[in-house]
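Q: Just a sequence and a predicted model for now, questions to come.
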Amino acid sequence: MAVAPAVPVAIDLFMIWAVRTGRDVALSVAVAVSANVAGVLTTESLFAVDTWVSAGLHGVFPLTVWRMHRVESPAEPEPIKAPEGDWPPADLWADFEDSAPDDPPASPPTAEDIKAAMSVLESTHGRPVTGRMLAEHFAVSDRTGRRYLAMATP
């Protein structure tokens with residue numbers, strides 16, 4: 001006679017309910033452990049070592065579920081203290097007053113700059129300039145290097 005599939009689920013749900021409400025916890029954990037162990041012992045040969053190891057492992061599952069679902073009482077949080085003294089300090093921005101301004105964003109090279117770079121690169125490498133060569137020269141992506149090449153060539 002097989003156990004209906006809803007019975008193990010009902011036992012597990014009973015245990016979770018008991019742990020969360022704090023009522024009948026020991027009974028529900030004991031029922032879940034015994035049901036799991038009995039399920040293993042009735043399906044396996046009792047003389048095999050595997051049966052007892054499996055029964056022990058199946059007995060641990062309800063304890064794990066109990067541990068996961070138990071509700072711990074929240075600890076008293078420490079009260080938030082107001083900062084002492086002035087905040088922010090008066091000299092907070094003093095470090096920034098003497099700093100150099102940010103560099104302006106770099107603008108793309110002009111067609112004349114690209115043509116000058118192409119003549120230097122052609123004489124250095126001894127071959128026609130590619131978009132990758134321009135990208136490496138101007139420290140930009142390959143796609144931008146190809147765009148620069150298209151800007152300089154008629």
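A: Everything's here; your move.

Q: need the contact list for the nearest residue to residue 58 once chain neighbours are set aside.
A: The shortest distance from residue 58 to any non-neighbouring residue, by CB to CB, 6 or more residues apart in numbering, is to residue 36 (4.0 Å). Just so you know, the C-beta spots here come from the backbone N, C-alpha and C atoms, and that holds for glycine as well. Counting by CB atoms under 8 Å, 6 or more residues apart in numbering, residue 36 touches 58-59, 61-62.

Q: What subset of the residues you listed is buried?
A: 58-59, 62 (16 or more other CB atoms under 10 Å).

Q: State the mean pLDDT of the longest helix along the chain.
A: Using DSSP state H to define each element, the chain has its longest helix at helix 49-69. On average, the pLDDT along helix 49-69 is 76.

Q: wait, what's in contact with residue 133?
A: Residue 133 neighbours (CB under 8 Å, 6+ apart): 121, 125, 145.

Q: so which of these is the most crowded?
A: When neighbours are counted by other CB atoms under 10 Å, residue 145 leads the contacts of residue 133 with 22 neighbours.

Q: which secondary structure element contains that one?
A: Under the criterion of DSSP states H and E, residue 145 resides in helix 142-152.

Q: buried stuff in that helix?
A: Applying 16+ other CB under 10 Å to helix 142-152 flags 145-149, 152 as buried.

Q: Mind putting the residues you listed into CSV with pLDDT?
A: Formatted as CSV, these follow (pLDDT from 0 to 100):
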residue, pLDDT
145, 89
146, 91
147, 90
148, 89
149, 89
152, 85
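
Q: Rebuild the residues you listed as TSV, extending it with distance to residue 81.
A: Formatted as TSV, these follow (distance: CB to CB, whole Å):
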residue	distance to residue 81
145	57
146	60
147	58
148	59
149	63
152	65
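
Q: what's the closest of the residues you listed to residue 108?
A: Of all the buried residues of helix 142-152, residue 148 has the smallest distance to residue 108: 7.8 Å, by CB to CB.

Q: wait, doesn't the closest one sit right on residue 136?
A: No: with contact defined as CB atoms under 8 Å, residue 148 does not count as touching residue 136 (11.4 Å).

Q: Isn't residue 65 up against residue 12?
A: Yes: look at residue 65 against residue 12 with CB under 8 Å: they come within range, at 6.6 Å.
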